[in-house]
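> sequence plus predicted model, see below.
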Amino acid sequence: MIDFRFFLEIIPQLLAGLPLTLELAGTSILLGLVLALALALAQQGGNPLAVWPIRLFVAIFRGTPLLVQIFLIYYGLGQFRPFLKEIGLWWLFREPYWCAILALTLNTGAYGSEILRGAIRNVPRGLPEAASALGMSRLLTLRFIVLPLALRAAIPAYGNEVILMVKGTSLASIITLMEVTGIAQGLISQSYRAIEVFVAAGAIYLVLNFTIVRALHALEIRLTPYRSR
């Protein structure tokens, strides 16, 4: 039976890890969005020298578990310490925080690039052609017509990726980061009450993700008001 008194006692302790969870998720999602957009745009030209390396990158990061990616970046690349020091990148790979950010960013960037690539290609072809007929350059057409329409269409699918990233931050606990899940594991080792601790941690993630879902839904309605009718 769940001890509700203990349950209420550990909630504040778990919430102490929420800022780090939000920081990991927010930073990786923002950086991943920039990476995803760059990769999606690079594939629009159809140049094989640009397309195939990107597709290989996407296939690797979509086809392997995030847990394995975190291990390889933190423990694997750490074995090349002399080389990383020589090129000035050891500061990045010696800190678990930055390794987690890097792994989460690359992972969400790979998934997000496919979402945005499909959204860009689904923009009606006649719109860029009409913009070109009016004398707009390709850059202006992309900025004011293609990207706004593509980003609006991508919100539902990208919202799912945001939720997955929030939940993916829990894996950062394996490299000693004390976010919500990391604190939960410490509480379990002290109290041996796994059910109460994991129920409390799950409730925090549930409320957080529900809030994100509602915010994304509000954004979608704001950007596409005709759909709310």
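Arrived safely.
> contacting residues for residue 220?
152, 155-156, 159, 227 (C-beta atoms under 8 Å, 6 or more residues apart in numbering). Bear in mind the C-beta positions are built from the backbone N, C-alpha and C, glycine included.
> so which pair among the residues you listed is furthest apart in space?
The span of the contacts of residue 220, defined through C-beta to C-beta, is set by 159 and 227 at 14.2 Å.
> between those two, which is the more surrounded one?
Using other C-beta atoms under 10 Å as the criterion, residue 159 and residue 227 rank with residue 159 on top: 18 against 9.
> which of the contacts of residue 220 fall in strands?
Among the contacts of residue 220, DSSP state E puts none in strands.
> the helix or strand hosting residue 58: what's the following helix or strand?
Secondary structure assignment for residue 58, by DSSP states H and E: helix 48-63. Once helix 48-63 ends, the next helix or strand along the chain (criterion: DSSP H and E) is helix 66-71.
> list the buried ones in that next one?
Buried residues in helix 66-71, counting neighbours by 16 or more other C-beta atoms under 10 Å, are found at 66, 69-71.
> got it, and stretch 175-182?
Applying a neighbour-count criterion of 16+ other C-beta under 10 Å, the buried positions in stretch 175-182 are 175, 177, 179-182.
> what's the most distant pair in these?
175 and 180 (15.0 Å).
> gap between the helix ranked longest in the chain and the chain center?
Ranked by residue count, the top helix of the chain under DSSP state H comes out as helix 194-223. With C-alpha atoms, centre = their mean, to the nearest Å as the basis, helix 194-223 stands 15 Å off its chain's centre.
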